[in-house]
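Chemist: 3D, please:
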Amino acid sequence: MKEKILSALIMAILISQASTAQVNSLTEYHRIVLNGFEHGVFIKGRDSANPVLLVLHGGPGFSDFYFWQTHNKELELDYTVVTYDQRGTGLSYNDTISPGSLTIEQLEKDALVLIRILKDRFKVEKIYLVGYSAGTITGINLVQKYPSLFHAYISVGQVTSLYLNEKVSLRYSMQQAKLQQDTIAMAQLKELSTRYPSRGKNDLSDLYLSRKWLRHFHGDFCEGSSVSQLYKDMDTFAKQYYNDTLITKGQLFSMNVMWDKIMRVNLFKMVKKIEVPVYFIAGRCDYNAPSTLAYSFFRRLKAPLKKFIWFEKSGHYAPFVEPDKFNRILLQEVLPGSKL
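Modeler: Numbering: from 1, shown residues only. Take a look at the predicted model:
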């Protein structure tokens, strides 16, 4: 009889714990107004008491919430993960948006409002911040200006100087074309190099030509991986909101408005020191946002704690190509490290 009572009590406790976890779990999509403009925001996690992790996507205008929710779902076990489309991107795009409202400074202001909303809702003083690709511009600027808001900054595919970025990227493709004796690529890239990149106006068709050959020569994906694998087995919740038309419109709009603006960014000059722990994630094959430049920037950067972690099988898409390694770093290294 005692064993039956004890068994019943254990079962009641387990049911109670499961029920509490379910009550506290989050699978949400919201339309949140940030500085007068409506944004699409996702909040997902097992327990609302977990620390908040906010992701700033790249591009400009590259909606990627579906990648994070698919490949990095494990993070939702110990973080409350927030992904959103920034102003002018994907679910945060509409045909009435003014080009003048889309600036680097405005994206920072929007992110800052969202961070304050998250702090209030989840009753936290600090959050974790991931900057990915072009999102690393906003990310590192925020942690430099407002260090008290952040436990740590996780940089993925850190942008440094966009002008140097494009020079290194183009030079890599030209070297590969020469090594492989690809005469068509050599001719197109040599002609492209006479005008791109420019410190003034840059034609997006030149950027896309450069990126075409970069992918051909495995400069954004290591050989053996490809963009198609990123879209496999998309998270069912994210898939409900995936809108290819809005994503395409937002990316074209954002690139046309912002590319020349971000081409003037030079973080080597702008950011010398930050006051939060930083973790740099870099794909060994990344010549989209060249990891060699990211490493040079990292070495000069002063921070209370900093780590540079190479992903040997990845190019520019490390969190999604090597998700187990990325998730493990955030769960077993970044999260415990901030509690020391």
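
Chemist: residues near residue 229, how many?
Modeler: By other Cβ atoms under 10 Å, the residues close to residue 229 number 14. For the C-beta atoms, the positions are set from N, CA and C on the backbone; glycine is no exception.

Chemist: again, but for the one 10 residues further on
Modeler: For residue 239, the neighbour count with other Cβ under 10 Å is 12.

Chemist: And it, how close does it get to residue 69?
Modeler: According to Cβ to Cβ, to the nearest Å, residue 239 and residue 69 sit 9 Å apart.

Chemist: cool, and residue 124?
Modeler: Where residue 69 is concerned, residue 124 sits at a distance of 21 Å (Cβ to Cβ).

Chemist: same thing with residue 215?
Modeler: For residue 215, the distance to residue 69 - Cβ to Cβ - is 24 Å.

Chemist: Which one's more surrounded, the two?
Modeler: A count of neighbours by other Cβ under 10 Å puts residue 69 above the other of residue 215 and residue 69, at 24 against 17.

Chemist: check contacts around that one.
Modeler: Going by Cβ atoms under 8 Å, 6 or more residues apart in numbering, residue 69 touches 42, 44, 81, 83, 235, 237, 238.

Chemist: any idea whether it is helix, strand or coil?
Modeler: Assigned with DSSP: H, G, I helix; E, B strand; the rest coil, residue 69 falls in the helix class.

Chemist: Name the residue closest to the centre of this protein, please.
Modeler: residue 132 (2.6 Å; Cα atoms, centre = their mean).

Chemist: who touches that one in this structure?
Modeler: 55, 56, 57, 58, 64, 156, 157, 319.

Chemist: so what's the second one up against?
Modeler: What it means is residue 56. 86, 111, 129, 130, 131, 132, 135, 136, 138, 139.

Chemist: Could you do the last one as well?
Modeler: Residues in contact with residue 319, defined by Cβ under 8 Å, 6+ apart, are 67, 68, 71, 72, 132, 156, 281, 326.

Chemist: Can I take it that it is in a helix?
Modeler: Yes: looking at residue 319 with three-state DSSP, it is inside a helix.

Chemist: mind checking how far the residue lying closest to it once chain neighbours are set aside is from residue 282?
Modeler: Excluding its sequence neighbours, the residue lying closest to residue 319 (Cβ to Cβ, 6 or more residues apart in numbering) is residue 326, at 4.3 Å. Taking Cβ to Cβ as the measure, residue 326 falls 12 Å from residue 282.

Chemist: what residues do the two have in common as contacts?
Modeler: With Cβ under 8 Å, 6+ apart as the test, residue 326 and residue 282 both reach 311, 318.

Chemist: correct me, but residue 115 touches residue 41?
Modeler: No: with contact defined as Cβ atoms under 8 Å, residue 115 does not reach residue 41; the gap is 11.7 Å.

Chemist: Residue 76 in helix, strand or coil?
Modeler: Assigned with three-state DSSP, residue 76 falls in the helix class.

Chemist: what residues are up against the nearest residue to residue 125 once chain neighbours are set aside?
Modeler: Distances taken as Cβ to Cβ, 6+ apart place residue 119 nearest to residue 125, at 7.0 Å, with adjacent residues excluded. Contact analysis of residue 119 by Cβ under 8 Å, 6+ apart lists 52, 125, 127, 149.

Chemist: okay, residue 119: pLDDT?
Modeler: Looking at residue 119, its pLDDT stands at 97.
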